[in-house]
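Student: Sequence first, then the predicted structure, then my questions.
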Amino acid sequence: MKFLNVEVLSVAVFVISFYGLMINKNIIKSIVSVVLMEMSTIMFLISIGFLDGMKPPIGQNIENPSDPLTQSLVITIIVIGLAMTAVNVIFFTSICRQYGTSDWDAVKKKNTEKAMLHWLVFTPIISAVIFYLIPSEKAGKILSIIVQAFLTCCAFYIFLLCKEGDIITKVGNYHGHLGITLKVDALSSVFIILTSFIFSIAALYCFNENFGRLFWFLFLIWEGLLFGVFVSRDFFNTFIIMEVITVMVSVMIMYKRDSRSMYDGIIYLMSNVVAVQFYLFGVGYIYKITGVLNIDAASQALSSMDKASQLLPCALIMTFISLKCALMPLFTWLPKAHGTPSAPPVISAILSGLHIKTGLYVFIRFQSVFQAINLNDFFLVVGIITGIAGFIFAISQTDIKLILAYHTISQIGMTMIGLNIPGVYPYTGSMYHIVSHALFKSGLFFSAGIVAHAYGTRDIYKIRGVLRRCPAVGIGILMAILGITGAPFFNGSISKYLMVSGADWIVSGAMIFINLGTTISFIKYSTMLFGRNEGEQGAVKADICQQAAVFIMGVLCLAGGIFGEQAIKFLFNTSVKVDTAGYLQKNILFFISVAVGYLIFKFYIKKSKLLKKIRAIDMGFRGICVCIGIFFALIMLYGWITLGA
């Protein structure tokens with residue numbers, strides 16, 4: 001009866017402690033439950049190992065001896081149990097110290113977050129290798145769609161997690177600022193979700209195309225590397241990733257290997273190779289004066305240093321970033337890369353809608369590094385010049401891809417203006433314009449590929465009746481045009497309204513002028529939607545996946561305008577209020593711009609000989625190098641003047 005009570009007690013303790021393990025979220029309480037569970041097991045084994053009335057088998061002629069194996073087992077269990085308890089305590093203590101919490105769910109969440117940053121980069125790269133090894137291209141395409149869906153879900157989950165705080169993981173578990181740091185915050189999470197979405201729509205667009213396994217291999221690696229840019233917080237790792245991306249994009253531009261694409265691809269490659277040397281010199285100088293390569297640590301160290309010592313690395317790095325952003329006069333590589341005739345339209349769409357945004361992302365990120373060197377006014381002026389030059393070159397073009405490519409330059413200039421105007425609204429408007437531009441410009445390039453293939457030409461004056469012959473594509477084009485020109489109830493109207501908020505009359509006038517140029521250019525572009533070609537042969541037969549991609553982008557342009565305030569709150573966690581009177585005034589300006597733009601297009605653009613001369617301007621590789629040197633000198637000169645003042 002005595003031992004029966006011990007058995008009952010041990011079973012009760014076992015059940016209670018196991019129940020505690022199931023309900024406890026605290027690691028310390030879990031340790032206590034595990035210890036109690038082990039003790040209950042030991043109590044039970046003792047009760048059966050040393051039964052009442054039985055004696056150890058020591059000596060000879062022992063009556064009623066117990067089994068020595070059972071007793072040995074009990075002693076072994078006690079030793080192992082105590083050892084395991086000590087190990088558990090050590091491990092649990094280490095976990096609590098490493099994760100800064102004793103809550104199981106919090107530890108699990110943080111561990112998942114850290115793992116997701118690794119897999120966000122490596123999943124598309126590993127998938128690319130698997131795709132290339134699969135003999136069936138169709139099976140590989142299905143795999144690609146599945147991967148895109150998975151990455152979009154991961155990106156969305158990371159985006160939601162970032163609303164609660166930054167996600168940080170260190171590769172190699174180095175302490176402090178040593179090693180490789182991966183970090184996602186509110187800014188980078190928006191670019192991550194935008195990247196996953198654009199690549200998903202791009203995969204849908206080219207699902208029925210026979211580009212070959214090499215294309216999909218490069219396509220997926222490109223996506224993984226872009227994720228790498230947005231999660232990296234190290235100067236040197238950013239350089240490595242962006243250099244690999246440069247090579248990858250060059251190969252994609254030269255994919256069909258004709259003479260024009262080879263020339264455009266090598267110009268893109270060599271221009272970036274030259275510019276990145278400025279970046280490396282700047283990074284080397286930062287490491288020399290701070291001793292760190294971590295971006296956050298360098299920013300902290302530079303904040304307490306002499307301003308003059310920061311000017312040189314700032315000018316070097318910002319020259320590189322400005323070329324990546326295609327700012328004036330460093331933009332001449334972009335039309336060659338984005339508008340090359342033989343490159344698949346999906347490549348142009350990603351380059352113009354998404355890839356160019358990496359330059360803007362790095363610009364925003366590195367602005368915080370060089371807070372002591374105030375270049376806002378400098379880049380404000382550069383943004384205005386870029387916006388004006390971009391639409392002038394766009395208006396002069398007759399090739400639909402080149403029109404879109406030059407307008408990317410103009411819209412980057414407009415975004416740069418907003419980023420350098422003080423205030424929450426201009427900054428938020430610029431960020432929203434980055435997202436909006438990704439939608440309408442990707443949609444326009446997708447549709448340009450369909451139209452060029454259907455009509456056998458890219459000459460804007462030889463394409464007519466798209467809206468009638470292919471309604472889904474035509475409606476998608478129309479909605480994207482209304483988005484980029486800032487028509488009422490479309491996404492561009494919200495972003496441009498916010499960007500101009502808080503600007504003085506000079507900057508406001510410049511932005512209105514740039515938007516007038518955009519309107520003129522897209523009045524010209526929209527002529528393809530109407531009219532009739534001689535000898536046309538009925539409806540255009542376009543791939544259903546491609547039509548769906550264009551239409552989705554167009555619908556999102558409309559949704560981004562109607563639900564602009566809600567979208568901004570969701571994406572940037574910033575509450576903005578669109579003033580009814582101010583928005584109405586902007587819409588009146590839009591309709592005036594449309595009327596003026598139509599008159600300018602009808603009576604000047606078609607007949608202008610000057611625009612033909614502008615269209616013929618082509619700056620070669622040497623000219624690009626000269627512009628890089630001039631831009632660097634201008635930043636240095638501006639810095640010396642402002643620091644001296």
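Tutor: Thanks, I have it.

Student: Please enumerate the strands of the chain.
Tutor: All strands of the chain, identified by DSSP state E, fall at 167-171, 180-184.

Student: and the last one, what does it pack onto?
Tutor: Other helices and strands packing on strand 180-184, by 3 or more Cβ pairs under 8 Å, 6 or more residues apart in numbering; DSSP states H and E, are helix 104-133, strand 167-171, helix 213-231. Just so you know, the C-beta spots here come from the backbone N, C-alpha and C atoms, and that holds for glycine as well.

Student: For these, give me CSV that also has mean pLDDT.
Tutor: Formatted as CSV, the helices and strands packed on strand 180-184 follow (pLDDT from 0 to 100):
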stretch, mean pLDDT
helix 104-133, 70
strand 167-171, 74
helix 213-231, 87
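
Student: of all those, which lies closest to residue 293?
Tutor: strand 167-171 (13.4 Å; Cβ to Cβ).

Student: Now that closest one - C-alpha only, CSV.
Tutor: What follows is strand 167-171, C-alpha atoms only, in CSV (Å, rounded to 0.1, in the frame of the first residue of the first chain):
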residue,chain,number,x,y,z
ILE,A,167,13.5,41.9,-38.5
ILE,A,168,17.2,41.4,-38.0
THR,A,169,19.4,38.3,-38.5
LYS,A,170,23.2,37.9,-38.5
VAL,A,171,24.8,35.4,-40.7
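
Student: dump the residue contacts of the spatially closest residue to residue 422 that is not a sequence neighbour.
Tutor: Of all residues not flanking residue 422 in the chain, residue 502 sits nearest, at 6.9 Å (Cβ to Cβ, 6 or more residues apart in numbering). If you count contacts by Cβ atoms under 8 Å, 6 or more residues apart in numbering, residue 502 has them with 421, 422, 423, 425, 426.

Student: Can you check the pLDDT for the closest residue to residue 435 other than its chain neighbours?
Tutor: For residue 435, ignoring the flanking residues on the chain, the nearest one in space by Cβ to Cβ, 6+ apart is residue 194 at 6.0 Å. You'll see residue 194 listed with a pLDDT of 93.

Student: residue contacts, residue 194?
Tutor: Contacts of residue 194 (Cβ under 8 Å, 6+ apart): 354, 357, 434, 435, 438.

Student: what's the answer for residue 494, then?
Tutor: 429, 432, 436, 560, 561, 564, 565, 568, 578.

Student: Going by distance to residue 217, which of those residues wins?
Tutor: Once Cβ to Cβ is applied, the member of the contacts of residue 494 that ends up nearest residue 217 is residue 436, at 30.9 Å.

Student: Which residue is the nearest non-sequential neighbour of the closest one?
Tutor: Residue 436 sits nearest to residue 491 (Cβ to Cβ, 6+ apart), 4.0 Å away.

Student: Ok, residue 547 next?
Tutor: residue 472 is the one closest to residue 547 (Cβ to Cβ, 6+ apart), at 4.4 Å.

Student: Can you list the low-confidence ranges for the stretch 251-400 of the chain?
Tutor: By pLDDT under 70, the low-scoring segments of the stretch 251-400 of the chain are 259.

Student: returning to what we had before: pick the most buried one from the strands of the chain.
Tutor: strand 180-184 (a mean of 21; mean count of other Cβ atoms under 10 Å).
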